[in-house]
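Student: sequence and predicted structure below; questions after.
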Amino acid sequence: MTQAHSTPRWLDCVQNPEAITSLYDAPPNLRNILLHRIDLQESGWVCRVVLVTSELPVRRPQRWEDCNVVHIELGMMEITELEIVGWPWERFGNATAVRSESKVVFEAAGVGFRVKVKSTAAMCLCSVKGVLVEKEWLSKFHSNEHSVR
């Protein structure tokens, strides 16, 4: 079975996957991502997670012409569990989101960090945007491909 044509399980946990499926033929599988940011706030999307992937979409909007990475921002409400272990300067790793019983479980882990968020509500795809990063940062995605399991 070819993985490229199946929908990554993390999209099953998103209430509005169209922002990804309209750009990607084979959506990113969230391996070798950079966990860029986690925001916690009192109301609205209580937890926002920004992931960076070097997997560029086939159908890039014209305004993304010079972009070399994609920021994917996920929002979560109704948090029942939040765990953050470690926060190194560079947070390259893998991320997943799965449905477990009546909860959505988002996890990201890499060398020196682990993040786990459980929610009773589906995640929201808050934004997907192309970004231009320095070549030094882009090369870090490639050098971390083999060290991230």
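Tutor: Everything's here; your move. Note that this is a predicted model, so its numbers are computed, not measured.
Student: can you say which helix or strand has the residue nearest the centre of the chain in it?
Tutor: Compute the mean C-alpha point of the chain, and by CA atoms, centre = their mean the closest residue is residue 51, 3.9 Å away. Under the criterion of DSSP states H and E, residue 51 resides in strand 47-53.
Student: in this structure, which ranges drop under the pLDDT threshold?
Tutor: Applying pLDDT under 70 to the chain picks out residues 1-8, 145-149.
Student: what ranges do the helices span in it?
Tutor: 18-21, 135-144 (DSSP state H).
Student: please identify the deepest-packed of the ones you listed.
Tutor: helix 18-21 (a mean of 16; mean count of other CB atoms under 10 Å). Yep, even glycine has a C-beta here, placed from its N, CA and C like the rest.
Student: now it - C-alpha only, PDB.
Tutor: Extracted in PDB, the C-alpha atoms of helix 18-21 (Å, rounded to 0.1, in the frame of the first residue of the first chain):
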ATOM      1  CA  GLU A  18      -9.500  21.800   3.500                       C
ATOM      2  CA  ALA A  19      -6.700  24.300   3.900                       C
ATOM      3  CA  ILE A  20      -4.300  21.400   3.700                       C
ATOM      4  CA  THR A  21      -6.100  19.200   1.200                       C
END
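Student: quickly list what the residue lying closest to residue 115 once chain neighbours are set aside is bridged to.
Tutor: Using CB to CB, 6 or more residues apart in numbering and skipping residues adjacent in sequence, the residue nearest residue 115 is residue 108, 4.6 Å away. Beta-bridge partners recorded for residue 108 (DSSP bridges): residue 95, residue 115.
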